[in-house]
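J.: Generate a structure from the sequence data that follows.
(2 chains)
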Amino acid sequence: MFYRESGVFKTSYAADMGLLPLPNTRWAVAGLLVLFVAVVPLVSDEYSLSILNLILIAVVGAIGLNILVGYTDQVSIGHGAFMSVGAYTAANLIVRVHAPFWIAVPAGGAMAALIGVVVGIPSLRIKGLYLAISTLAAQLIIEWVINHVSWISGGTQVSIQVPPPSVFGVVLQSPWQIYLFLLAFVILAIVGTQNLIRSRIGRAFIAVRDRDVAAEIIGINIFRYKLLAFAISSFYAGVTGVLYSYYLGIANYEQFQLDVSINFLAMVIIGGLGSTLGPIFGAIFVTLLPIVTRRVLESVGGLFFQASDLSAVIPSLRLVIFGGLIIFFLVVEPEGLNRLWRNIRNYFRTWPFSY
Amino acid sequence: MPEFDWGFTLLLVSSGLMIGLMYSLIALGFVLVYKATDAINFAQGEFVMFAAIMAAASMDAGIPFWLAALLALTGMIAFCFALERVVLRKLLGRPIIAVIMATIGLASLIRGFATLVFGAGVRAITLPVGDDPLYLGPIMLPPVQLVGAGVSLVFLAGFTWFFLRTRMGVAMRAVADNQTVSMGMGINVQRYFALAWALTGVVSALGGIIWGAMLGVDNQLPLVGLKVFPVVIMGGLDSIIGAVVGGLIVGVVEALAAGYLDPMVGGGTKDFAPYVLMILMLVIRPYGLFGTRRIDRI
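T.: Numbering: from 1, shown residues only, chains lettered A, B, ... in the order given. Reported below is the predicted structural model:
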């Protein structure tokens, strides 16, 4: 993720395989960990913690979607639906059999993975546009099924109350407890993805993405790996759904509609496809965008609009900015925020003596 | 189980066919662009809404119907030209997801922009036809649907003629078939890309006026665009006749589902059945009924 090279000095296989190859990377990661685990919850107030929690949840989903879109080059416009599958699976388990979080979260993920594989089956025969459309159909069909099968959705309200998770007998209720809970999952997701991508499976994903015919010739079973990518990515989506319903205290399909799928795609694209930092940047950016838009407009919008119009203007202006940014990034900086970050880093690497 | 009612079925089928033709018109916009430029337009529904809003807003301002329709038409053509120039030309040769994502972004942009400029209220487009439905035995045909189906038919036939008989149409087919060879034959490929988008603008403007007249113009109108996908997948992505047949199938399936399945499962099958059909089609025959069999199996 972050490291500086100055030659290869590794003397053992273990050192070569290390997740954090250089001492300064280790220090940087340790510093970040301390910052996020100890410092952030102490200094931030409830409001900013709640935004942070939203970002953490989005990071898990974006990292998962990136495995599919960024590393295997398959589009999914159905990730919102996979999240709702995870959320409702977990909510049903929690309400009916009082499952603890360490069963509910993996179960939600596993169910989403199962559905993801079913949705991914068309990818065996089709790709690109066709796959995008079939995942779009999956999104709409899953939404409809959840909405119409009351056994899943818990009756006419189509929503299930989810009690807060309890860890070692402590019921997590305050925002900073939830924050630490979510942070643990984010760290798991990041480390898991880093390790996945370095492994045989991850290299197979990248081979399939770069040239599928060549990948098949060197002995990669394309179909298996495409489905595996769908499964893993949907697992992350399912976990995201569970975390989201823990955070909100309710599982509701309206939280996982088509626009959510599009938001997550936007995170991956704006952040930068096929990197670990990219989706994190993207998740931060897309989550903060509406909040910042509202803040800015509430403070300076009075100059342009009448106060009564402002509440109507904000959501549409948010849409304009959101769509405009997606197009802007696609046209101007296809590699996204991650590329900007790399440019900045490379500039400072030799600063101030760049020649 | 009540006795099978032929009149009811006929009514459902006829209204399904009408609606289906109107779907075909919108799907045609999608097909035109895909055929010529290989780009996928996920913002087709928003195009339709944008045109409808332009027409409705100018009618609200007291402009007569024909002039308002003309305004929407020229507005959409200008918009599509600009779009091709500013965004899509830059995305040529990029991975397919880039174009998909760009049009998704565009969809959100149009949606926000339209409500920002024209307001979020529901508007109406009144066609210069009466309100009394036409009765043919058990079949009841509302004039809005009749006009819609008629306009769709005329334009579908017109586009078929355009592609088969005119110089421009043939050139567009050549570009769709092979861009490099077309360039070699002296066809200005970029100009035809722009033309394809402009034609989509025309189709969207017509679709917008018709659908706007039927459903009312508000920010729910783009949902019509989501129906484009079952239509084009059924018919084949690059086939005009496919768009017609696909539209008819989707329209009829929708109507029958709404008539017969809805009472059983409690509503909403109308928006659900076409997608099931589409998934089946994707698994069995992904290139559709009339599409080119150009599909990569891995």
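
J.: could you show me where the helices are in the stretch 1-150 of chain A, in order?
T.: A:13-16, A:23-34, A:40-43, A:46-66, A:79-97, A:101-120, A:129-148, A:150-153 (DSSP state H, counting those that start in this stretch).

J.: Between those, which one is closest to A:Asp259.
T.: Closest approach to A:Asp259 among the helices of the stretch 1-150 of chain A is made by helix A:79-97 (7.6 Å; C-beta to C-beta). Just so you know, the C-beta spots here come from the backbone N, C-alpha and C atoms, and that holds for glycine as well.

J.: Give me the buried stretch members for the closest one, please.
T.: Across helix A:79-97, burial judged by 16 or more other C-beta atoms under 10 Å in any protein chain shown covers A:79-94.

J.: Helices of the stretch 1-150 of chain B, residue ranges please.
T.: Under DSSP H, counting those that start in this stretch, the stretch 1-150 of chain B gives helices at B:6-37, B:44-60, B:65-86, B:96-118, B:143-165.

J.: packing partners for the last one?
T.: Put plainly, it is helix B:143-165. helix B:6-37, helix B:167-177, helix B:189-215, helix B:240-256 (3 or more C-beta pairs under 8 Å, 6 or more residues apart in numbering or on different chains; DSSP states H and E).

J.: so which of the ones you listed gets nearest chain A?
T.: Between chain A and the helices and strands packed on helix B:143-165, the shortest separation by C-beta to the nearest C-beta is 8.2 Å, and it involves helix B:6-37.

J.: can you list the weak-confidence ranges in the stretch 1-150 of chain B?
T.: Residue ranges of the stretch 1-150 of chain B with pLDDT under 70: B:1-4, B:130-131, B:137-138.

J.: Please repeat the previous calculation with a cut-off of 50.
T.: Within the stretch 1-150 of chain B, the segments meeting pLDDT under 50 span B:1.

J.: And the stretch 151-298 of chain B, by the same measure?
T.: Checking the stretch 151-298 of chain B against pLDDT under 50 turns up B:298.

J.: hang on, the earlier thing: just the helices of the stretch 1-150 of chain B: most buried one?
T.: helix B:44-60 (a mean of 26; mean count of other C-beta atoms under 10 Å in any protein chain shown).

J.: With only the CA atoms kept, save stretch A:93-108 in CSV.
T.: Output in CSV follows, covering the C-alpha atoms of stretch A:93-108 (Å, rounded to 0.1, in the frame of the first residue of the first chain):
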residue,chain,number,x,y,z
LEU,A,93,-31.0,-15.1,12.3
ILE,A,94,-30.7,-12.5,15.0
VAL,A,95,-34.4,-12.1,15.6
ARG,A,96,-35.4,-15.8,15.3
VAL,A,97,-32.6,-17.7,16.9
HIS,A,98,-30.8,-14.8,18.7
ALA,A,99,-27.6,-15.4,16.8
PRO,A,100,-24.6,-13.5,18.1
PHE,A,101,-22.7,-11.2,15.7
TRP,A,102,-19.9,-13.7,15.0
ILE,A,103,-22.5,-16.0,13.5
ALA,A,104,-24.8,-13.4,11.9
VAL,A,105,-22.1,-11.5,10.1
PRO,A,106,-20.5,-14.6,8.3
ALA,A,107,-23.9,-16.1,7.7
GLY,A,108,-25.1,-12.9,6.0
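
J.: these two touch, right, A:Glu143 and A:Gly78?
T.: No. A:Glu143 is beyond contact range of A:Gly78, at 9.6 Å (criterion: C-beta atoms under 8 Å).
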